[in-house]
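[1] this one's sequence-less:
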């Protein structure tokens, strides 16, 4: 899939009344679930905590990730029993029409070290369509949310306005991390980073995909890009961005089929309205094409 072939807006222009009602119900449940775990996470933030690792020392987890996910799952299943939930920490739970993607703490490394850029992300999907999403920044108290009728920060409608040119724009990206150096080669990955740093007015690496995309949806950043995300990282954020008028371009990166749903793709470019960023487009598409080719050769 090339960027020019990426899917259009997630929401239908005239959704059926039953689907619209389900979308609004899912949004309400997602927001309520996130608010229900906000207090314990704020209390735990910047406290002493045990830290463990998953894949390697770059990928950490805390007892609060696991406990929060359990609370979120219990809340959602109590409110909407017809649900299947995929969480970052515990895998799949339940069965039903509504598929939830839950990240109890997106930005765990920040949370564990006391950096205030992390969030709770909850997205709802039915028949492959994202119906609702909520992303709560517990420290600022900002609730980003969307359903098939719009997107909001709190009660304020979101509009994803962006600078027209790269030299005026703020880009958020974690690229390259250690796995990118391995996948693309250190020289290639660092050259890609150098070109992005030189082309954009500002480049930031804050450490949460969900919250980064929400900032693009709010117009606080102009673009975000990632090359190693999971469905629980981006499902809610995709709908929030699109309903705010922004664009989301999924990248398969040699890991999923070219026609996979955007929330299942491990890479993305997220931009606000009016963005025209050729360097970012070229580099991101090149990374995805090369990883696709490497997978085909394997």
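    Ah, there it is. Computed from a prediction, not measured in an experiment: that's the story for all the values here. Numbering: from 1, shown residues only.
[2] all contacts plus neighbour counts: C-alpha atoms, from now on.
    OK.
[3] the spatially most central residue of the chain: which element?
    Nearest to the mean C-alpha position of the chain, counting by C-alpha atoms, centre = their mean, stands residue 234 at 2.5 Å. Using DSSP states H and E, residue 234 maps to helix 231-243.
[4] show me what that helix is packed up against.
    Contact partners of helix 231-243 among helices and strands, from 3 or more C-alpha pairs under 8 Å, 6 or more residues apart in numbering; DSSP states H and E: strand 98-106, strand 119-126, strand 129-137, strand 142-147, strand 150-153, helix 209-218, strand 247-251.
[5] quick check: the closest residue to residue 288 other than its chain neighbours vs residue 153, distance?
    Sequence neighbours aside, residue 253 is the residue nearest to residue 288 in space, at 4.3 Å (criterion: C-alpha to C-alpha, 6 or more residues apart in numbering). Relative to residue 153, residue 253 is positioned 31 Å away (C-alpha to C-alpha, to the nearest Å).
[6] which one's more surrounded, these two?
    When residue 253 and residue 153 are compared for neighbours, residue 253 comes out ahead with 27 against 20, by other C-alpha atoms under 10 Å.
[7] just checking, that one is part of a strand?
    No - counting by DSSP: H, G, I helix; E, B strand; the rest coil, residue 253 is located in no strand; its state is coil.
[8] make residue 1 into 13 and carry on from there
    Right, with 13 as the first residue, what we last looked at is residue 265.
[9] read off the pLDDT value for it.
    Confidence at residue 265, expressed as pLDDT, is 97.
[10] same check, this time on residue 308
    Among the per-residue scores, residue 308 shows a pLDDT of 89.
[11] next one: residue 75
    So, for residue 75, pLDDT stands at 82.
[12] how about residue 59?
    Model confidence at residue 59 (pLDDT) stands at 82.
[13] residue 134 too?
    Confidence at residue 134, expressed as pLDDT, is 98.
[14] where do the helices of this protein begin and end?
    All helices of the chain, identified by DSSP state H, fall at 29-56, 75-91, 120-125, 190-196, 198-211, 221-230, 243-255, 290-309.
[15] between the ones you listed, which gets nearest to residue 174?
    Closest approach to residue 174 among these (C-alpha to C-alpha): helix 221-230, 8.0 Å.
[16] what does the closest one rub up against?
    118-119, 129-131, 133, 147, 149, 156, 165, 170-174, 184, 218, 233-236, 238, 241, 245-246, 248-250, 252-254, 256-258, 282-284 (C-alpha atoms under 8 Å, 6 or more residues apart in numbering).
[17] among those residues, which ones are buried?
    Buried members of the contacts of helix 221-230, counted by 16 or more other C-alpha atoms under 10 Å: 118-119, 129-131, 133, 147, 149, 156, 165, 170-174, 184, 218, 233-236, 238, 241, 245-246, 248-250, 252-254, 256-258, 282-284.
[18] residue 174 against residue 233, yeah?
    Yes - counting by C-alpha atoms under 8 Å, residue 174 does reach residue 233; the two are 7.3 Å apart.
[19] what touches both of the two?
    With C-alpha under 8 Å, 6+ apart, residue 174 and residue 233 have common neighbours residue 181.
[20] what would the helices of the chain look like in a markdown table with distance to residue 110?
    Listed next are those as a markdown table, based on distance: least, C-alpha to C-alpha, whole Å:
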| stretch | distance to residue 110 |
| --- | --- |
| helix 29-56 | 9 |
| helix 75-91 | 11 |
| helix 120-125 | 26 |
| helix 190-196 | 32 |
| helix 198-211 | 38 |
| helix 221-230 | 20 |
| helix 243-255 | 13 |
| helix 290-309 | 30 |
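[21] can you tell me which of those is nearest to residue 140?
    Of all those, helix 243-255 sits nearest to residue 140, with 10.9 Å by C-alpha to C-alpha.
[22] residue 247 contacts residue 140, correct?
    No - under the criterion of C-alpha under 8 Å, residue 247 is not in contact with residue 140, lying 10.9 Å apart.
[23] which of these two has more residues huddled nearby?
    Taking neighbours as other C-alpha under 10 Å, residue 247 and residue 140 compare with residue 247 leading, 29 against 15.
[24] OK, contacts around the more buried one?
    Applying C-alpha under 8 Å, 6+ apart, one finds that residue 247 lies in contact with 113, 134, 135, 136, 142, 145, 275.
[25] tabulate those residues in TSV, adding columns for distance to residue 82.
    Below are these laid out as TSV (distance: C-alpha to C-alpha, whole Å):
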residue	distance to residue 82
113	13
134	13
135	16
136	17
142	22
145	18
275	22
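[26] nothing else from me, thank you.
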